Each structure stands twice: as C-alpha cells, then as structure tokens.
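Undergrad: got a predicted model here, sequence first, then my questions.
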Amino acid sequence: MADIRLAASLWVAAYLARLAQANIPAYVLARGDDTAGSISVKCARLDGTAALWMREWDMDSDTRPWVATNTGTERDIDAAIARQRSRDRDLWVIEIESRDGTTLLDQDGLF
C-alpha cells in the first residue's frame, strides 16, 4: 500500500498559517504543483545568510525529516534554488524571515 501524502498546496497553506501564528514572516517565492510538488524552505536570517531546508529520506528510520541541505549567503542559497527550479518546475519555494533560524519544521504536526 502506498503512503498517503498530503497535497502540497494544503501543506503550504497550513505551514504559512502556522508561521503567521508564530509571527514569522513567510512568502511563497515559487508555486509548484498543487498535488505532488516538492517543497523547499529558505530561512533568511536577515544578516545576509540563509539556510535551505528540504525533506530527505532517512534510511535508518525510514522517515522523511526536514534537513538543512545548504547554508551560506543568501546569494548562494538563491542560486541553489534557481538550479533546483530549473530542473523541477513542480517545486514550491517558501521563504521565511527568522533572525534566530526558527523554521518550526522540527515541531510535531509538520510532516
């Protein structure tokens, strides 16, 4: 039996609402496929640096946790996002602004 997945557009809407409740500014930079698009989260620290978060398979636990796949200057992160979008037009990109790097991705309820 295949795993049941939440539609990407619903997950994005719920994540944006949760960020708003925590007073963390967030924006959709690129809209992907409503149903099955992958999602990237850029966390801008407002000091010129950023981190790029994506879900990756953890073979040991057979789960897909959120992982900071890339960190560096905002320019470097933006370039990495542009490369990903050129290969995957279904990719959603959300940018959040958080000086301390809080993304809420490590909290229960965000799968």
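TA: Received the coordinates, thanks.
Undergrad: so what's residue 58 bridging to?
TA: Beta-bridge partners for residue 58, by DSSP bridges, are residue 63.
Undergrad: per-residue confidence for it?
TA: You'll see residue 58 listed with a pLDDT of 78.
Undergrad: isn't it up against residue 64?
TA: Yes: judged on CB atoms under 8 Å, residue 58 makes contact with residue 64 at a distance of 7.2 Å. Yep, even glycine has a C-beta here, placed from its N, CA and C like the rest.
Undergrad: can you tell me the element the residue nearest the centre of the chain falls in?
TA: By CA atoms, centre = their mean, the chain has its centre lying nearest to residue 41, at 2.3 Å. Per DSSP states H and E, residue 41 falls inside strand 39-44.
Undergrad: then residue 78?
TA: With DSSP H and E as the criterion, residue 78 is inside helix 74-87.
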